[in-house]
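Visitor: coordinates only, sequence not included:
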């Protein structure tokens, strides 16, 4: 029986069915973000390790592709069943490496399991298309075909869910998959790899590769035999991936940042709007590409809403317990960068209504905890309005009415998610039609995505592909048009 209960002293790569150190034996230290103390050592892979993984994938992929998609789906379902069996152990690993509460880690783990079940079911709905031909005695159809070796590069914010979003559809479509983990969250990816092997994924078909982005991720992107790169992370890295992979005409799926607006209208249920704003801005320590970081409020209710929001935010509990609202940010560098952005905003005239600092003291130790931060008096073109901070920081903007709110919401380099709070159905429908985003929500938060729904955005939030939902199959497969000519006289 497989066990995930003990944290490995050294987290190794999983290549060709074997646990393997990096070729040169190097490791790096993973810190616990809640304490700042070392948690484990992790294989520090390089180009030689990528080459080994790609070679294993190229060797194993043809047989995996020749396996029926129903059978592939059955194996993926077995992974999901094993994840459900080990959900408590997986959640413990997620909580340990991210600092989030066990309750939140369990919720994330359950979401990953549901993704597995949904994608596995698509093995029996691997739809193509049949249609007519203008030519007599000719049939026409479209079927899916795998791409080959898929390179998957994930972020650390929801680690086991991020693995599931990419690994399940990539494997279902008949590809070999190489997952380059986030260096900040090696344990959940390690656990998934253990269960994939246990579930019967053939050796070489699925690889877990650990390492730093420039040392392990870059060679994966550059490798000529990697047919598709799917990346979730920053715009800066996404641009480099698009340019680099584009030079060899590889397929690229990018899910990048967000600076997501939440509009509060003058007829909104303010208590409900405050609740959803807190969740959008501060849950998961604001480490969501879909975080609500621009709160746009009608002038008529601005003062009342601001007072309610600041009061509610001041009551949030920060820590790792199930009774806490959110935990630390993932590393010290990220914490330092976001607090520096707040300081620059203050120097430019912004007002910090609450927070804006690192939380210290006995309860927080050397952990990377940031107070819930609300800022006002910032301009739409200020750095803090345009750049994703990926932390528990949000800004308030006062607008005269709906037209100004929509214009400000759309005035962004990003276009991932957006929300409006209103009791007016006409206003809500106008918002849905005019907001420039990949996801639009009425009377809810800016975050949240279900396994059967596509997720992604416009402009710098991505490059047009969608993951989750059946649309993820379009990322990891290609279409083959098939014509069959027949002769009725030959019957």
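Guide: Arrived safely. Quick caveat: nothing in here was measured; it's all calculated off a predicted structure. Numbering: from 1, shown residues only.

Visitor: every contact and neighbour count from this point should use C-alpha atoms.
Guide: Noted.

Visitor: could you list the domains of this protein?
Guide: When the chain is parsed with automatic domain parsing, its domains come out as 10-256+462-480, 260-442.

Visitor: could you dump those to a markdown table with mean pLDDT and mean neighbour count?
Guide: As requested, those are exported to a markdown table (pLDDT from 0 to 100; neighbours: other CA atoms under 10 Å):
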| stretch | mean pLDDT | mean neighbour count |
| --- | --- | --- |
| domain 10-256+462-480 | 97 | 21 |
| domain 260-442 | 98 | 20 |
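
Visitor: skip the chain neighbours and tell me the closest residue to residue 242.
Guide: Setting aside the residues directly before and after it, residue 242 is nearest to residue 252 in space (CA to CA, 6 or more residues apart in numbering), at 6.5 Å.

Visitor: for the one you found, helix, strand, or coil?
Guide: Of the three states, residue 252 takes strand under DSSP: H, G, I helix; E, B strand; the rest coil.

Visitor: how about residue 97?
Guide: Counting by three-state DSSP, the backbone at residue 97 sits in helix.

Visitor: the residue nearest to residue 242 and residue 245 touch, don't they?
Guide: Yes. With contact defined as CA atoms under 8 Å, residue 252 reaches residue 245; the gap is 7.1 Å.

Visitor: shared neighbours of the two, which are they?
Guide: Counting by CA atoms under 8 Å, 6 or more residues apart in numbering, the contacts common to residue 252 and residue 245 are residue 229.

Visitor: residue ranges of the helices in the stretch 201-350 of the chain, please?
Guide: Counting by DSSP state H, counting those that start in this stretch, the stretch 201-350 of the chain has helices at residues 218-222, 235-247, 270-282, 299-313, 332-347.

Visitor: could those go into JSON lines alongside distance to residue 100?
Guide: JSON lines is the format used below for those (distance: least, CA to CA, whole Å):
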{"stretch": "helix 218-222", "distance to residue 100": "29"}
{"stretch": "helix 235-247", "distance to residue 100": "25"}
{"stretch": "helix 270-282", "distance to residue 100": "12"}
{"stretch": "helix 299-313", "distance to residue 100": "18"}
{"stretch": "helix 332-347", "distance to residue 100": "15"}
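
Visitor: quick one, strands of the stretch 351-491 of the chain?
Guide: With strands called from DSSP state E, counting those that start in this stretch, the stretch 351-491 of the chain shows them at 351-354, 373-376, 393-399, 414-415, 417-421, 439-442, 458-459, 477-485.

Visitor: quick one: the third one to helix 270-282, angle?
Guide: What it means is strand 393-399. Going by axes from the mean of the first three to the mean of the last three CA atoms, to 10 degrees, strand 393-399 is angled at 140 degrees with respect to helix 270-282.

Visitor: repeat that for the longest one.
Guide: Relative orientation of strand 477-485 with respect to helix 270-282: 90 degrees, computed using the same axes, to 10 degrees.

Visitor: list the neighbouring strands of strand 477-485 plus their orientation.
Guide: Paired neighbours of strand 477-485 in the sheet (DSSP bridges): strand 138-146 (antiparallel).

Visitor: ok, now the third one?
Guide: Strand partners for strand 393-399, identified by DSSP bridges, are recorded as strand 292-298 (parallel), strand 373-376 (parallel).

Visitor: quick one: it to helix 332-347, angle?
Guide: Strand 393-399 and helix 332-347 meet at an angle of 30 degrees, taking the same axes, to 10 degrees as the criterion.

Visitor: got it, and the longest one?
Guide: Taking the same axes, to 10 degrees, strand 477-485 and helix 332-347 form an angle of 110 degrees between their directions.

Visitor: dump the residue contacts of the nearest residue to residue 187 once chain neighbours are set aside.
Guide: In space, and not counting its chain neighbours, residue 187 is closest to residue 93: 6.1 Å by CA to CA, 6+ apart. Going by CA under 8 Å, 6+ apart, residue 93 touches 7, 187, 188.

Visitor: distance of the first one relative to residue 82?
Guide: Spatial separation of residue 7 from residue 82 under the definition CA to CA, to the nearest Å is 18 Å.

Visitor: where's the residue positioned nearest the centre of the chain relative to residue 116, distance?
Guide: Compute the mean C-alpha point of the chain, and by CA atoms, centre = their mean the closest residue is residue 162, 5.0 Å away. Separation of residue 162 from residue 116 (CA to CA): 12 Å.

Visitor: check residue 488 too.
Guide: Distance from residue 488 to residue 116, counting by CA to CA: 45 Å.

Visitor: do the same with residue 109
Guide: Counting by CA to CA - residue 109 and residue 116 are separated by 11 Å.

Visitor: with residue 26 instead?
Guide: Taking CA to CA, one finds residue 26 at 33 Å from residue 116.

Visitor: next: residue 306.
Guide: Remark: distance between residue 306 and residue 116 (CA to CA) = 41 Å.

Visitor: I'd guessed residue 341 sits against residue 384; true?
Guide: Yes. Residue 341 lies in contact with residue 384 (CA under 8 Å); the separation is 6.6 Å.

Visitor: dump the strands paired with strand 393-399 into a markdown table; add distance to residue 325 as well.
Guide: Converted to a markdown table, those look like this (distance: least, CA to CA, whole Å):
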| stretch | distance to residue 325 |
| --- | --- |
| strand 292-298 | 16 |
| strand 373-376 | 14 |
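
Visitor: residue 329 is nearest to which of those?
Guide: strand 373-376 (13.4 Å; CA to CA).

Visitor: what's that closest one in contact with?
Guide: For strand 373-376, contacts defined as CA under 8 Å, 6+ apart pick out 310, 350-356, 392-397.

Visitor: at 6 Å what do you get?
Guide: 350, 351, 352, 353, 354, 355, 356, 393, 394, 395, 396 (CA atoms under 6 Å, 6 or more residues apart in numbering).

Visitor: how about stretch 154-164?
Guide: For stretch 154-164, contacts defined as CA under 6 Å, 6+ apart pick out 112, 181, 182, 185, 188, 232, 233, 287.

Visitor: what of stretch 314-322?
Guide: Under CA under 6 Å, 6+ apart, the answer for stretch 314-322 is 100, 101, 103, 324, 325, 326, 327.

Visitor: and it, how far out from the chain middle?
Guide: 24 Å (CA atoms, centre = their mean, to the nearest Å).

Visitor: please apply the same query to stretch 449-464.
Guide: Between the centre of stretch 449-464 and the centre of its chain there are 10 Å (CA atoms, centre = their mean).

Visitor: and it, end to end?
Guide: With CA to CA as the measure, stretch 449-464 spans 17 Å from end to end.

Visitor: for stretch 464-474, same thing?
Guide: Terminal residues of stretch 464-474 are spaced 11 Å apart (CA to CA).

Visitor: can you list the residues that contact it?
Guide: By CA under 6 Å, 6+ apart, stretch 464-474 touches 253, 451, 452, 453, 454, 455, 456.

Visitor: just the buried ones from these?
Guide: Listed as buried from the contacts of stretch 464-474 are 253, 451, 452, 454, 455, 456; burial here means 16 or more other CA atoms under 10 Å.

Visitor: list the contacts for the second one?
Guide: Looking back up the chat, that one is residue 451. 115, 468, 469 are the contacts of residue 451 under CA under 6 Å, 6+ apart.

Visitor: ok, 8 Å please
Guide: By CA under 8 Å, 6+ apart, the neighbours of residue 451 are 111, 114, 115, 118, 468, 469.

Visitor: and it, how far from residue 254?
Guide: Applying CA to CA, the value for residue 451 to residue 254 is 18 Å.

Visitor: so which helix or strand takes in residue 28?
Guide: Counting by DSSP states H and E, the element that carries residue 28 is strand 27-31.
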